[in-house]
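[1] Attaching a predicted model along with its sequence, questions to come.
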Amino acid sequence: MKQYIMALDAGTTSNRCILFDRAGKIVSLAQKEFTQYFPKPGWVEHDADEIWSTQLGVAVEAMSKIGVSADDIAAIGITNQRETAIVWDKETGVPVCHAIVWQCRRTAKYCDSLKERGLEEWFRMKTGLTIDAYFAGTKVRWILEHVEGAKERAKRGELLFGTVETWLIWKLTKGKVHATDYSNASRTMMFNINTLQWDDEILEVLDIPKCMLPEVRPSSCIYGTTSPAYFGGEIPIGGAAGDQQAALFGQTCFSPGEAKNTYGTGCFLLMNTGETPVFSKNGLVTTIAWGMDGKVQYALEGSIFVAGAAIQWLRDEMRLIDSAADSEYMAQKVPDTNGCYVVPAFTGLGAPYWDQYARGAIVGITRGVNKCHIIRATLESLAYQVHDVIRAMEADSGITLTSLKVDGGASANDFLMQVQADFDAAPVRRPACVETTAMGAAYLAGLAAGVWKNTEEIRANWKIDREFTPALPEEKRQEKMKGWKKAVRYAFDWAKEE
Ligand SMILES: Nc1ncnc2c1ncn2[C@@H]1O[C@H](COP(=O)(O)OP(=O)(O)O)[C@@H](O)[C@H]1O
Ligand SMILES: O=P(O)(O)OC[C@H](O)CO
């Protein structure tokens, strides 16, 4: 009996494999971090081969932990850090350079030139996106322009492009399947979210040959089967989705108006807007949530580039804490931030500001500010950024969020969740299983493989762990918001050449 569904969750800092049973319960988990490369200020790279070997390693480990074989697994669902661009040789499978990570700012100037040509609205209406170095398109262009011979090879059809799920599908099937899903395609700035096709006019502007792009498929469908070389037998790959869209699915936000926020390396707030795209007027992007049953669902998204990464910075660079979890205890050793604000704009600011040249700032420091204040202010900065996005989301959708579903690594932090409820003046609801990204991928794959019949069956699996209710007096809340607004302005344009 095929009783398990395998989710491969290829995140920004680590790869995970989780095996779920048919009740949506985690039965095995393996996780491994991989190397982050920062070759220049504002640049971020990964080694695509390391992403593959780490992902395969944790998959084998999760299986052996509970002694299951390929025969026990009904399907694999893949979910991934989005926008990260990989280009590789079709014959040898060797990447032509490191993967350019979503956080990387190297194409900021080129994005400026597109804006100067007056193409911002043109891109927005076709792709739903703001022109920004964040999205994959300009990264692919950069590779073709800067890696010797790459453009000619790409034009001859010798190179392939993919985001991380495409790379993993291609590796798992030993080069048989070169495909992506609607949700990931919608993050490339090359995909037309109205026609659901790669956009020829955009490809011409970016000078990217169409032959290197993957086929775009539904998020829940059988992509192919894994080579028997990896798991001792073939396993169908039944689903793929960008991690934030997968989390929206895992949080069972199937209906328009339902939203979730994920606190991982960054923070990503998505609201399901149904079968028609809503174009933002308030600094959000329009994205495809998933494609299934012959149609797509759209979402509004607020992408915050630095969230949990700021806690890693406290741990690894500032050495103020020994572990991310310690931030909770340290922040509560002081009653407030003593007037201090941290703006973690390490790789620019995403929604709703979209400032490619913003950089981090710590303001309001006086002689009495100590490390606990800085830690508390850093945690609060996550909640301020999410709050800014919620206001934009409400303005765009006309829907007031009466509560917020949360997940992701940093949602384990009770102090942060309480602060979020306080800043939003609305309850925060944390589910029993915060591995909703992996869960969403498992659901998409399980639906394709017939493990679950429909989304109603899945909805019954969502269980609450804890609800955080707002407790901050309104006057105090307003005062803090005013301070944050002032602080964030100090970060704007910092890295812009005079
Ligand atoms: N208890 C905690 N408090 C605050 N931040 C945390 C806590 N636990 C994990 N984090 C942060 O969450 C992030 C990891 O979450 P995860 O969902 O695994 O991210 P990703 O999928 O982006 O790799 C890290 O950046 C880490 O610093
Ligand atoms: O790796 P995560 O979970 O921080 O997600 C990264 C996002 O997909 C980037 O858009």
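    Ah, there it is. Ligands and ions are numbered 1, 2, ... in the order given.
[2] hey, let's count contacts and neighbours off CA atoms from now on
    Fine.
[3] In CSV, list the C-alpha atoms belonging to the worst-scoring helix or strand of the chain on mean pLDDT.
    When each helix and strand of the chain is scored by mean pLDDT, DSSP states H and E, helix 455-459 comes last, with a mean of 89. Taking Å, rounded to 0.1, in the frame of the first residue of the first chain, the C-alpha atoms of helix 455-459 are listed here in CSV:
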residue,chain,number,x,y,z
THR,A,455,-9.6,20.2,-1.3
GLU,A,456,-12.6,19.7,1.1
GLU,A,457,-11.0,16.5,2.4
ILE,A,458,-7.8,18.4,2.9
ARG,A,459,-9.4,21.4,4.7
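[4] where does the stretch 251-400 of the chain dip in pLDDT?
    Counting by pLDDT under 70, not a single residue of the stretch 251-400 of the chain qualifies.
[5] Run through the residues of the protein sitting next to ligand 1.
    11-14, 264-265, 308-309, 311-312, 324-325, 327, 408-410, 412-413 (C-alpha under 6 Å from any ligand atom).
[6] Take those residues and keep only those in helices.
    Using DSSP state H, the subset of the residues of the chain next to ligand 1 located in helices is 308-309, 311-312, 327.
[7] Just the buried subset of those residues, please.
    Buried members of these, counted by 16 or more other C-alpha atoms under 10 Å: 308-309, 311-312, 327.
[8] Quickly check the residues you listed for the two that are furthest apart.
    Spanning the widest gap among those are 309 and 327, at 12.7 Å by C-alpha to C-alpha.
[9] follow-up on the earlier one: which of the residues of the chain next to ligand 1 fall within strands?
    Counted as lying in strands by DSSP state E, out of the residues of the chain next to ligand 1, are residue 14.
[10] Can I have the buried ones of the residues of the chain next to ligand 1 as a PyMOL selection?
    Those of the residues of the chain next to ligand 1 that count as buried under 16+ other C-alpha under 10 Å are selected in PyMOL with:
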select buried, resi 11+12+13+14+264+265+308+309+311+312+324+327+408+410+412+413
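[11] Which parts of the stretch 201-350 of the chain are helices?
    Along the stretch 201-350 of the chain, counting by DSSP state H, counting those that start in this stretch, helices occupy 228-231, 243-250, 308-316, 326-331.
[12] host element of residue 480?
    Take DSSP states H and E as the rule and residue 480 turns out to sit in helix 474-491.
[13] on that earlier part again, of all the ones in helices among the residues of the chain next to ligand 1, which comes closest to ligand 1?
    residue 308 (3.2 Å; C-alpha to the nearest ligand atom).
[14] ok, back up a step: so how far is the helix holding residue 480 from its chain's centroid?
    Averaging C-alpha positions (C-alpha atoms, centre = their mean, to the nearest Å) puts helix 474-491 27 Å from its chain's average.
[15] pLDDT (mean, whole number) over that helix?
    Helix 474-491 carries an average pLDDT of 96.
[16] now for it, which elements pack on it?
    Applying 3 or more C-alpha pairs under 8 Å, 6 or more residues apart in numbering; DSSP states H and E, one finds that helix 474-491 makes contact with strand 341-343, strand 361-363, helix 414-424.
[17] May I see the buried residues of it?
    480, 484, 487-488, 490-491.
[18] what would those look like in a markdown table with distance to ligand 2?
    Shown next, in a markdown table, are the buried residues of helix 474-491 (distance: C-alpha to the nearest ligand atom, whole Å):
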| residue | distance to ligand 2 |
| --- | --- |
| 480 | 27 |
| 484 | 23 |
| 487 | 24 |
| 488 | 22 |
| 490 | 25 |
| 491 | 21 |
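[19] Tell me which two of those residues sit farthest apart.
    480 and 491 (17.4 Å).
[20] how far off helix 474-491 does the helix ranked longest in the chain point, in degrees?
    The helix that spans the most residues within the chain, counting by DSSP H, is helix 371-397. Counting by axes from the mean of the first three to the mean of the last three C-alpha atoms, to 10 degrees, helix 371-397 lies at 90 degrees to helix 474-491.
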